[in-house]
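Participant: Sharing a sequence plus its predicted fold:
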Amino acid sequence: MLQVFIPSLMRKLTNDKHIVEINASSITELINKLDKEYPGMKQQLTEGNLIKDGLSVVINDEISNNPLLEHLEDGFEIHFVPTIGGGTF
Amino acid sequence: MATVKKDYKVIGSRPVRHDGVDKVTGKAIYSADFSISDLLHGKVLRSPIAHGIIKKIDTSKAEKLPGVRAIVTSKDFIGSSDKNIETAEDRNEGETTRLKYLRDNVLASDKLLYIGQPVAAVAATSSHIAEEAISLIELEYETLEPVLNTTQGLSSKSIIHQELETKELGTKVPGKTNLAEHIQHKLGDPEEAFKHAEIIVERELTTETVHQGYIEPHAATASWSKDGRITVWCSTQGAFPARDTTADILGVPISQVKVVPLEIGGGFGGKIPVYLEPVAALLSRASGHPVKLVMSRKEVFECTGPTPGTLMRVKIGADKSGKFIAAQAHLEFEAGAFPGSPVAAGSYCVFAAYDIPNVLIDGYDVIVNKAKTAAYRAPGATMAAFATETVIDEVAEKLQMDPAEIRLINTAKKGTRRADGPVYPTIGCEEVIKTIKDSEHYNSPITEPHVGRGIAIGYWFNVGLESACTISLSKNGTINLVEGSTDIGGTRTSIAMQAAEVLGLLPEDVIPSVVDTDSIGFTSVTGGSRTTYATGWAAYEAAIDVKNQMISKVAGIWSIDADNVEFEDGVFFSKQDTELKMTFKELAAKSGAPIVGRGSVSKGGMGAGGGSFAGAICDVKIDPETGKTTVLRFTCVQDAGKAIYPSFVEGQMQGGSVQGIGWALNEEYFMTDDGRMTNSSLLDYRMPTSLDLPMIDTIIVEVPSDGHPYGVRGVGEANIVSPPAAVANAIYNATGVRQSSLPMNPASITKGIQDHRSDILNSMNC
């Protein structure tokens, strides 16, 4: 199972649950399953088939450059965090 | 341990740097030095007001001036006859807005958003004619009320961007606003935890706008050929991001733009955005000549991105033992005229050095009528640490604890969960604090009056991102290393050393070149403390590739299986036949297909390798009459993972410390009520010089990062994070007065001392 950490600003969709456990091998599968269990998550996280602009995906302890291409394994932690602007556009 | 082996031959040595001779003899070519035949010179007309609506831009008089060859405004971006140019309508809503902001920051279209915003540009046969032409352009506008800080931005009815809506995790909150983004991180239950705290300290702190202060002003030359190819020569921290942004702004494919990075005289984050490149390109297209634009120092200060002014409230609750049980931060950062302050980074870093189970962090990115902020060395982290480390010092004082001890018992370690969620891999925070606590400096006595000592800890998460390198083997056994990372701090050498170590070569056997965007694979910015880490990793991979190709070659010569060949200390040998040996140079001289090694890496975003922690110990002496602060002694301690080139690591530590001390004591934009900077020269914008400071002592800590072949951690940024807080804590210990605003200049220190004396007298009278 993956441990999905729900950002505080999205916890209204998970009845204030901080961590959700889901079985998935890709971020796309994960988001679809998350949306099935907690409707609205897909709309919050994606635009088209891509992760929404302004959001980054952390897999374990590092932000992924290509989250949709990552293979997820049992026990991984997934976080959705705001993208770092860092003072650039 | 993440290291390949510990008995390195090259890693950890201090060779002559590859770019040294050209730089000290003045032969290195910087962007303002660049010249090309038929070159025209450009100047930019800039907004005289902080907020207004453009009514008319009349260029007719300027066009008639002899020597003027082209004038461009924002209208030249859109509606071009060039079939390759996309219009904003081709893109989705988010992209359209982003593109408009990008374009408006280099040539305003409908509104004037800050003093200094470019409005029009001229190309002429001389810079004097271009300047005269600029004065002939008539700009008509309607003035609006300016918004100049976050308090005004969040309360004002003067909305800067009518289309702006607040973003929360990529989702828009309807309603007109100057709040571009709200960020929140929550861990545990801080509200409940604060109820159980033995002691709570909460303070409001502010910082002013500060510039990176790089010595080389921005300059760019562009040539738009008849075949549509655009070549740009410029000073940039990232040739590829500069190419991509320039192409975006011009609406052309990236394949149509080539960026040639020239030597760079400092950037510190400020040379990541593009300002002049697209304008020079437009002028070149309009005139048919290459066009060069060079900023004055005044333009650098007023028109490029500084780091923002901030308003922060930090609250920390601790139990009797000094363990932090809850923390809360409210961070308001000025974005400048367009969204994108470093508040997200500040939110990540604000409590990053500590293991706190209950945390709430709210960050606010607020649009104001100032130049769009840019990155500045650990963007956002320095302000956040000023707030946190000042509050921690007060918690320690109230609990009568040693400032280093309270940090040590709360230190973040491998496995600590940060407020934004992820847990740390191997990090060196605890080792940095222990080094401070055990240092001779920290344990030396203070005997003089009005002298105080302060410490602070800082974190920068570092990034990985993409890098590419190629290595070509020459017949004399040297290698040509081609890379895409522009070299700001000597990274040619620190990258070359990582390749040399693999191949058993000396650093001088490596000839490194930083090349243009047509000549190497995509390489991200020299920023985020990533270059020695990620581009060094790519060089390591390319060297491994060369080594493997050479093993195959020698195995062929000896007619043995490649698996039976070993390479050590510059010699290839057979595992089975000790007579079969050949040196690297001997093998290089053998004919055959040229050997070209390739390394390309993508090493994640934020948190690459666990980031780097640094700390500072600062002794100051205060003149109680004038408020003048003299820094008597300063020590920077930083975890470098593995110091590839210790002199460069020490140089980064010293440079970051000096910038942090300047930020602490003197540097600020003096702004009038109508949004005009009044100290836009190096005479009036007071950065510290070598005469102002003692030698900065350095202690390198080495806790190798997980994953990297040599355990490298980027060291470019974490060293600036703690100095302002360390100086503030030292000033408190010298004066008994807490400072809550940067800079802590003589006037604010004197006022603090006077107010403190009045409070004591008043309490005595009572």
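Facilitator: Perfect, I can see it now.
Participant: Just the mean pLDDT for the longest strand anywhere in chain B, thanks.
Facilitator: Ranked by number of residues, the top strand in chain B under DSSP state E is strand B:324-336. Taken as a whole, strand B:324-336 has a mean pLDDT of 98.
Participant: Does anything pack onto the very next helix or strand once past that strand? Which helices or strands?
Facilitator: For strand B:324-336, the following helix or strand on the C-terminal side (DSSP states H and E) is helix B:343-349. Identification of packing neighbours for helix B:343-349 by 3 or more Cβ pairs under 8 Å, 6 or more residues apart in numbering or on different chains; DSSP states H and E yields strand B:179-187, strand B:324-336, strand B:359-367, helix B:381-398, strand B:451-460. No exception for glycine: its C-beta is placed from N, CA and C like everyone else's.
Participant: for the stretch 251-400 of chain B, which spans come out with low pLDDT?
Facilitator: The stretch 251-400 of chain B contains no residues with pLDDT under 70.
Participant: Okay, now the unreliable bits of chain B?
Facilitator: Ranges of chain B meeting pLDDT under 70: B:1-6, B:78-95, B:760-761, B:763-766.
Participant: Now do the helix ranked longest in chain A, average pLDDT.
Facilitator: Looking across chain A with DSSP state H, the single longest helix is helix A:27-37. The average pLDDT within helix A:27-37 is 94.
Participant: helices or strands next to that helix in the packing?
Facilitator: If contacts are counted by 3+ Cβ pairs under 8 Å, 6+ apart, helix A:27-37 sits against strand A:2-5, strand A:19-22, helix A:41-45.
Participant: right, and these - which one's nearest B:Glu508?
Facilitator: strand A:2-5 (49.2 Å; Cβ to Cβ).
Participant: Check whether the closest one comes near chain B.
Facilitator: Yes - residues of strand A:2-5 are located near chain B by Cβ under 8 Å from any Cβ of the partner chain, namely A:Phe5.
Participant: Can you give the distance of that strand from its chain's centre?
Facilitator: Put simply, strand A:2-5 sits 8 Å off its chain's centre (Cα atoms, centre = their mean, to the nearest Å).
Participant: And stretch B:156-167, by the same measure?
Facilitator: Distance, stretch centre to chain centre, for stretch B:156-167: 28 Å (Cα atoms, centre = their mean).
Participant: cool, and stretch B:630-648?
Facilitator: Between the centre of stretch B:630-648 and the centre of its chain there are 18 Å (Cα atoms, centre = their mean).
Participant: Quick check: buried residues in that stretch?
Facilitator: Within stretch B:630-648, the residues that count as buried by 16 or more other Cβ atoms under 10 Å in any protein chain shown are B:631-646, B:648.
Participant: Narrow those residues to those in strands?
Facilitator: Among those, DSSP E puts B:631-639 in strands.
Participant: can you give me how far the host helix or strand of B:Leu311 is from the chain middle?
Facilitator: Taking DSSP H and E as the criterion, the element that holds B:Leu311 is strand B:310-318. Put simply, strand B:310-318 sits 24 Å off its chain's centre (Cα atoms, centre = their mean).
Participant: could you check whether it is close to chain A?
Facilitator: No - using Cβ under 8 Å from any Cβ, strand B:310-318 stays clear of chain A, coming no nearer than 12.4 Å.
Participant: what's that strand packed up against?
Facilitator: The elements that strand B:310-318 packs onto, with contact taken as 3+ Cβ pairs under 8 Å, 6+ apart, are helix B:150-155, helix B:190-195, strand B:199-207, strand B:324-336, helix B:381-398.
Participant: Within its sheet, name the partner strands of that strand and how each one runs.
Facilitator: Strand B:310-318 sits in its sheet next to strand B:199-207 (antiparallel), strand B:324-336 (antiparallel), going by DSSP bridges.
Participant: how about that strand as CSV, C-alpha atoms only?
Facilitator: Provided in CSV are the C-alpha atoms of strand B:310-318 (Å, rounded to 0.1, in the frame of the first residue of the first chain):
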residue,chain,number,x,y,z
THR,B,310,8.4,40.5,4.4
LEU,B,311,6.2,40.5,7.5
MET,B,312,6.3,37.4,9.6
ARG,B,313,4.8,36.2,12.8
VAL,B,314,6.4,33.1,14.5
LYS,B,315,5.2,31.4,17.6
ILE,B,316,7.0,28.5,19.3
GLY,B,317,5.9,26.5,22.4
ALA,B,318,8.3,24.4,24.4
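Participant: got the angle between that strand and strand B:359-367?
Facilitator: Using axes from the mean of the first three to the mean of the last three Cα atoms, to 10 degrees, the inter-axis angle of strand B:310-318 relative to strand B:359-367 is 180 degrees.
Participant: before we move on, the earlier item: and of the helices and strands packed on helix A:27-37, who's closest to B:Gly714?
Facilitator: strand A:2-5 (25.8 Å).
Participant: in that closest one, what's buried?
Facilitator: So, applying 16+ other Cβ under 10 Å, buried residues of strand A:2-5: A:2, A:4-5.
Participant: before we move on, the earlier item: so which of the ones in strands among the buried residues of stretch B:630-648 comes closest to chain A?
Facilitator: Set against chain A, the nearest of those by Cβ to the nearest Cβ is B:Asp639 (16.4 Å).
Participant: Hmm, B:Glu702 and the closest one touching each other?
Facilitator: Yes - applying Cβ atoms under 8 Å, one finds B:Asp639 in contact with B:Glu702, separated by 7.1 Å.
Participant: Could you list the residues in contact with the helix or strand bottoming out on mean pLDDT in chain A?
Facilitator: Across the helices and strands of chain A, mean pLDDT, DSSP states H and E gives its lowest value to strand A:62-63, namely a mean of 82. Applying Cβ atoms under 8 Å, 6 or more residues apart in numbering or on different chains, the contact partners of strand A:62-63 are A:56-57, A:81, B:422, B:464, B:604-608.
Participant: Start and end of stretch A:64-73, how far apart?
Facilitator: Using Cα to Cα, to the nearest Å, the end-to-end distance of stretch A:64-73 comes out at 15 Å.
Participant: any idea how far it is from the chain center?
Facilitator: The answer for stretch A:64-73 is 11 Å, by Cα atoms, centre = their mean.
Participant: Quick one: name the residues of the stretch 201-350 of chain B near chain A.
Facilitator: So the stretch 201-350 of chain B meets chain A at B:245, B:269, B:272-273, B:305, B:307-308, B:338-345, B:347-348 (Cβ under 8 Å from any Cβ).
Participant: Surely B:Thr97 touches B:Glu163?
Facilitator: Yes - with contact defined as Cβ under 8 Å, B:Thr97 reaches B:Glu163; the gap is 6.5 Å.
Participant: the more surrounded of the two?
Facilitator: Ranked by neighbour count (other Cβ atoms under 10 Å in any protein chain shown), B:Thr97 and B:Glu163 place B:Thr97 first, with 17 against 10.
Participant: The host helix or strand of the more buried one: which residues count as buried?
Facilitator: In this assignment (DSSP H and E), B:Thr97 forms part of helix B:93-106. Neighbour counts over helix B:93-106 (16+ other Cβ under 10 Å) mark B:97-106 as buried.
Participant: next one: stretch B:181-197
Facilitator: Residues B:181-188, B:190, B:193-194, B:197 are the ones in stretch B:181-197 that count as buried (16+ other Cβ under 10 Å).
Participant: What residues are bridge-paired with B:Val72?
Facilitator: Beta-bridge pairing for B:Val72 (DSSP bridges): B:Ala121.
Participant: who are the neighbours in contact with it?
Facilitator: Per Cβ under 8 Å, 6+ apart, neighbours of B:Val72: B:107, B:120-121, B:279, B:282-283, B:286.
Participant: what do you get if the cut-off is 6 Å, keeping everything else the same?
Facilitator: Residues counted as contacts of B:Val72 (Cβ atoms under 6 Å, 6 or more residues apart in numbering or on different chains) are B:121, B:282-283, B:286.
Participant: and if you look at B:Thr526?
Facilitator: By Cβ under 6 Å, 6+ apart, the neighbours of B:Thr526 are B:237, B:485-486, B:488.
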